[in-house]
Structures are given as structure tokens and as C-alpha cells.
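In: Predicted model follows, preceded by the sequence.
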Amino acid sequence: MRKYFGTDGIRGHVGQFPITPDFMLKLGWAAGMAFRKQGKCRILIGKDTRISGYMFESALQAGLSAAGADVLLLGPMPTPAVAYLTRTFHADAGIVISASHNPHNDNGIKFFSGRGTKLPDEVELMIEELLDTPMTVAESAQLGKASRINDAAGRYIEFCKSSVPTSTDFSGLKVVLDCAHGATYKVAPSVFRELGAEVVVIAAQPDGLNINADVGSTHVGQLQKAVVEHGADLGIAFDGDGDRVMMVDHTGASVDGDELLYIIATDLQERGRLSGGVVGTLMSNLGLELALKARDIPFVRAKVGDRYVMAEMLKRDWALGGENSGHIVCAQHVTTGDAIIASLQVVLALRRRGQSLAQERLAWHKCPQVLINVRFAGDRDPLAHPQVKAASDSVTERMGGRGRVLLRKSGTEPLVRVMVEGDDEVEVRRYANELASVVKEVCA
């Protein structure tokens, strides 16, 4: 059991424990103590654009320095960029200050190992143990120093471009980018422009408070409108920290992570570059599984969360995995979910095939899937309630093998996610509402 770490680091409401300056000071110290080797270590810190990032960056920096860790500050930078730069600078670890797709009044901390991967469980547990011990301060001569990497954005832009062939030319492509007023606001437009695309940018004026506010991968309405108004070929929506991507075709129809994953997988298969199969999650659409099976592409499901997707990929030595929320890991290029890299692979596949995103979106049939989020409070587990279990069993029995029921708690928010999937949309929606009502009742 973890005391502080969830499925994606430590996250919560700013000003409420543990998302407080004093906790971040102690967390920085604990991380520095856990990572230091022979008395010293070097750790990168990046952040998204939310206003509280300034406060937590300073607190973490102070704690790391107290532990004798040198700090390299990246400023606003996508989460996958921090993973990449941690590797290229041969740092001992990377830290991202971000709450991903959450609003500005939330924040959190994610860690990367020196290899740019999520931390092993034993390291997270070591940090948690240190958090519960008294804080010490290194001798004055052993305190860590801090410096800023001024060319971090340029380095990452070049890395993104290196993920496509040097002959790549997106001339003639008109794309709208929704940067969610987040960490991709400078990098993503530069990548696509330098590859020759005509780029229209929206939601790229961060003020510390507007990150993810009715924009980005969880709110594609403005992007849909902009794509149609500008007559663009497609639109790309990133989330606040740049590890999720959703797309919009030229008609304004949204294209989710499952559909993007299928496009990448089949393109790799056609070129003989698909290593193994595809890792999805419990939330992946049943239609994706059936469509990949029809192409003789193996498919397995991991628990929800990109760390579990990546773990399954490593276990099987597969190079592609992702979630319908838009976390897509292209392991031939990156060690974590990377929205810019994934979107480049999709656009490349479309250009190779001479197909539009709208055509590719219709290549397979999505089973109707309804997801309802139910908020709860307190420490009790609504999913353990007998009434919820009975309702879930009842719906599963009535579906008669023609669909799936999944109830799970979010790893990042106090939410129960109620998902029902099947072949009849009216029936699926009715069952989802029925289950959500039961969960709300026991949560009241």
C-alpha cells in the first residue's frame, strides 16, 4: 500500500496536503536522498504552466539542495520532454510538476528514473519511507547547486523531428493545434511548422490559470470548431502536460486514443516494423480488440494507467501501447506517453497511405461505450459495497455475453468510473445510468 504515490505520481488540490510547499520541500529532500550516489546526484525539474508550479519548483529545489542534489531547471516543458532530457543529460532522475489534464487548482509530482522511465516500486517506497523520517541538511560544502537549461525546448524539438524520416515534408497539410494553454504551447507548433505544415494554433496563451480550461484533449469542442472554420485537414489536441493526444478530422469528428493506436499499429504492420502486438487497457474499446484480431495483430489489456501499459510492453518486449484517453507509447522512440511523437506517427501513416483521418477513422467499428464518473468522498471504497457488486453482476448477466461492465476507482481523482460497453447503444446507456445511480446512492 502506498501512502503518497498513486498510479501517476502524487496529485491533489493545491494547498491541501500533500500538495503544499512544506511537503514539497520534504519530498525534494527525500528524492535527493534516495537518488544520490557517493554523496551527490543530479536531478532535472520541469513543469507545466499552472501558477502553483513556481511555488513547488522552489520548494523542491530547496529540498533537493539540502540533500546534496544538483538541480537542472527546465521551466515549462512537456512531461515526455523531461523523460527524454533526463536520459540525454545522464541525470539520476527527472521530476515533473504537473496535474496533467486537471484544472489549475490541482497539481502534482511525477518522477522519472535516469533511463526516462517511471520509477520502480522499490524507489517510490524508499522515498515514502524517507518522507516519514526527520529531514537533515548536508554539510555546507556538499549542498546542491541549481542551474537553468536555456536550450531545453530546442533540444526537444529536434528530438521530436528525429522521430520521423529526414525526408519528411508536411507541405500541403493544414493542421490546427490545441495546446491546452499548457506545456506544449511553444514546442508543438515549432515541430509541425519546421516539418512544413501550415499550422493554426489555439489555446497557446497560458496565464497560469487557464490550463485545460475547456480546451485540450479532454475538451475538444473548440478544436472541432476551429478545424471546420479554417478548412484544416485535421486538428490535434494535447493535454496540459503533453502526454495525451486526441485528434479531430476535417469534418469535426473527434478521434480518440483507440483509433489513433489502430492507425499507428496497422501502419507499422504494413511496413514490417510492428514488434509483437499492441497493449491496451481495461478501458480500450472492444471494437479495437476485434479489429486488431482481424489483422492478426496480438492485443492484451493492462490495468488503466500508462505505467501499467509500459510494464506490460516491457514484459512482452512489444513496442506499442496506449489508452483511449490518448496516452500512446511508441517505444521505438520514447520511454513514456508522448503526445507530439504519437501525433507525428499518425500524420506520417496518413501521408504514406494517401488517406484522410476521416477515412482511417471509419476503418473499424467502435462498440458503443458509455463512461460515467461518480465523485465520492471519504476513505470508504464504494466498489466494495454489496449493493454495487449486486448491481454490476445483474447488468453483466442481463447483457448475456454481448458486452462488458467495468467499475474502477480513478488513480488520480476521487472518482468511480462506471463503464458499460456492448452492441446496442440504447441498452448500454440504460445500463450505465442504472449502475451510476447505484454508485451515487451508496456514495451519498
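Out: That came in fine, so what should we check first?

In: which residues touch the residue nearest the centre of the chain?
Out: Central residue of the chain (C-alpha atoms, centre = their mean): Asp243, 4.0 Å from the mean position. If you count contacts by C-beta atoms under 8 Å, 6 or more residues apart in numbering, Asp243 has them with Pro78, Thr79, Pro80, Ser100, Asp306, His327, Thr336, Gly337, Asp338, Ala339. From N, CA and C alone the C-beta is placed, and that goes for glycine too.

In: Tell me which of those has the lowest pLDDT.
Out: Within the set of the contacts of Asp243, pLDDT is lowest for Asp306 (86).

In: Can you give me the distance of that residue to Ser437?
Out: In this view, Asp306 and Ser437 are 31 Å apart by C-beta to C-beta, to the nearest Å.

In: circling back: ok, of the contacts of Asp243, which one's closest to Lys293?
Out: Nearest to Lys293, judged by C-beta to C-beta, of the contacts of Asp243 is His327 at 22.2 Å.

In: Help me confirm that the closest one comes into contact with Met246.
Out: No. When contacts are counted by C-beta atoms under 8 Å, His327 is not listed as touching Met246 (10.8 Å).

In: overlap in contacts of these two?
Out: What both His327 and Met246 touch, as defined by C-beta under 8 Å, 6+ apart, is the set Gly257.

In: can you pull out the strands in the stretch 301-444 of the chain?
Out: Along the stretch 301-444 of the chain, counting by DSSP state E, counting those that start in this stretch, strands occupy 320-322, 328-330, 369-375, 403-409, 415-422.

In: Output the contacting helices and strands for the first one.
Out: This means strand 320-322. helix 257-270, strand 278-281, helix 306-316, strand 328-330 (3 or more C-beta pairs under 8 Å, 6 or more residues apart in numbering; DSSP states H and E).

In: Would you mark the buried spots in that strand?
Out: Buried residues in strand 320-322, defined by neighbour count with 16 or more other C-beta atoms under 10 Å: Leu320, Gly321, Gly322.

In: Over to the longest one?
Out: When neighbours are counted by 16+ other C-beta under 10 Å, the buried residues of strand 415-422 are found to be Val416, Arg417, Val418, Met419, Val420, Glu421, Gly422.

In: and it with strand 369-375, angle?
Out: Following axes from the mean of the first three to the mean of the last three C-alpha atoms, to 10 degrees, one obtains 160 degrees for the angle between strand 415-422 and strand 369-375.

In: quick one, what contacts the residue nearest to Leu234 when sequence neighbours are not counted?
Out: Once flanking residues are discounted, Leu234 sits nearest to Leu357: 4.6 Å by C-beta to C-beta, 6 or more residues apart in numbering. Going by C-beta under 8 Å, 6+ apart, Leu357 touches Asp233, Leu234, Met247, Asp249, His250, Val255, Val346, Leu350.

In: Identify the farthest-apart pair in these.
Out: Across these, no pair lies farther apart than His250 and Val346, at 14.1 Å, counting by C-beta to C-beta.

In: More neighbours: the two, which one.
Out: A count of neighbours by other C-beta atoms under 10 Å puts Val346 above the other of His250 and Val346, at 23 against 16.

In: Okay, the more buried one and Glu360: tell me how far apart.
Out: According to C-beta to C-beta, Val346 stands 8 Å off from Glu360.

In: cool, and Ala265?
Out: 12 Å.

In: more neighbours, Asp306 and Ser437?
Out: Asp306 (23 against 13).

In: for the stretch 151-300 of the chain, what spans make up the strands?
Out: Under DSSP E, counting those that start in this stretch, the stretch 151-300 of the chain gives strands at 174-178, 198-202, 234-238, 245-249, 254-255, 278-281, 299-302.

In: quick one on the thing from earlier: show me which of the buried residues of strand 415-422 is closest to Ser167.
Out: Glu421 (41.2 Å).

In: Name the nearest residue to that closest one, ignoring sequence neighbours.
Out: Closest to Glu421 by C-beta to C-beta, 6+ apart is Gln369, at 4.3 Å.

In: Give me the residue ranges of the stretch 301-444 of the chain where confidence is low.
Out: In the predicted model of the stretch 301-444 of the chain, no residue satisfies pLDDT under 70.

In: please redo it, this time with the cut-off set to 90
Out: Counting by pLDDT under 90, the stretch 301-444 of the chain has low-confidence residues at 304-307, 376-382, 400-403, 409-414, 423, 443-444.

In: Tell me the spacing between Leu60 and Lys303.
Out: 29 Å.

In: One more: Ile97?
Out: Distance of Ile97 to Lys303, given as C-beta to C-beta: 25 Å.

In: And the two? Which one has more around it.
Out: Taking other C-beta under 10 Å, Ile97 and Lys303 do not tie; Ile97 has more neighbours (27 against 15).

In: Who is that one paired with across the strands?
Out: According to DSSP bridges, the partner residues bridging Ile97 are Lys47, Ile109.

In: Next, find the distance separating it from Ser58.
Out: From Ile97 across to Ser58, the span is 10 Å (C-beta to C-beta).

In: on that earlier part again, nearest to Ser113 among the strands of the stretch 301-444 of the chain would be which one?
Out: The nearest among these, by C-beta to C-beta, is strand 328-330 at 15.4 Å.

In: other SSEs contacting that closest one?
Out: Applying 3+ C-beta pairs under 8 Å, 6+ apart, one finds that strand 328-330 contacts helix 257-270, helix 306-316, strand 320-322, helix 339-353.

In: how about 6 Å then?
Out: For strand 328-330, the packing partners by 3 or more C-beta pairs under 6 Å, 6 or more residues apart in numbering; DSSP states H and E come out as helix 339-353.

In: Residues contacting the helix it packs on, please?
Out: Residues outside helix 339-353 that contact it (C-beta atoms under 6 Å, 6 or more residues apart in numbering) are 160, 163-164, 188, 191, 236, 238, 242-245, 260, 263-264, 267, 328, 330, 333-334.

In: related to what we said a few turns ago, so which of the contacts of Asp243 is the most crowded?
Out: Neighbour max across the contacts of Asp243 (other C-beta under 10 Å) = Pro78, 33 neighbours.

In: Which residue, neighbours along the chain excluded, lies closest to Thr49?
Out: Pro206 (3.7 Å).

In: For that neighbour, the count of nearby residues, please.
Out: Neighbours of Pro206 under the rule other C-beta under 10 Å: 22.

In: And it, how far from Glu57?
Out: 15 Å.

In: circling back: ok, the residue nearest to Glu421 touching Val420?
Out: No. Taking contacts as C-beta atoms under 6 Å, Gln369 lies outside contact range of Val420: 7.4 Å.

In: With respect to Arg402, which of the contacts of Asp243 is nearest?
Out: Of all the contacts of Asp243, Arg402 sits closest to His327, with 28.2 Å by C-beta to C-beta.

In: Contact partners for the closest one?
Out: Taking C-beta under 6 Å, 6+ apart, one finds Arg244, Asp306, Gly337 in contact with His327.
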